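A.B. asks: model this:
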Amino acid sequence: MERQRLDKWLWHARVVKARTSAAALVEAGHVRINGTREKSPGHAVKAGDVVTVGLDRAVRVLKVIGFSERRGDASAARVLYEDLSSSK
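C.D. replies: The predicted model follows:
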């Protein structure tokens, strides 16, 4: 798999608790891909994309590293991305 829907990837990476929440977050304009605001939950993300997510009072910057067929536990989710927000 080289691409995955944005809402599905956010859910598999455990950024949000439900896929519907991921879709609502994207539609509300709180997600950027490589600096460009994305409003379509079906937009495909690929490895190397930088996803910026505005959650509550924090901003998370995540670099897409991989994809998953199923939603796993937290340790499985951590291998899907590299957190760039903590390095700043």
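
A.B. asks: Dead centre of the protein: give me the residue that sits there.
C.D. replies: Geometric centre of the chain, nearest residue: Leu10, 3.5 Å, by CA atoms, centre = their mean.

A.B. asks: can I assume that residue sits in a strand?
C.D. replies: No. Looking at Leu10 with DSSP: H, G, I helix; E, B strand; the rest coil, it is helix, so not inside a strand.

A.B. asks: Pull up the gap between the nearest residue to it once chain neighbours are set aside and Gly72, please.
C.D. replies: In this structure, Leu10 finds its nearest non-sequential neighbour in Ala22, 4.0 Å apart by CB to CB, 6 or more residues apart in numbering. No exception for glycine: its C-beta is placed from N, CA and C like everyone else's. Ala22 sits at a distance of 16 Å from Gly72 (criterion: CB to CB, to the nearest Å).

A.B. asks: So between the two, which is more surrounded?
C.D. replies: A side-by-side neighbour count of Ala22 and Gly72, using other CB atoms under 10 Å, places Ala22 first with 24 against 14.
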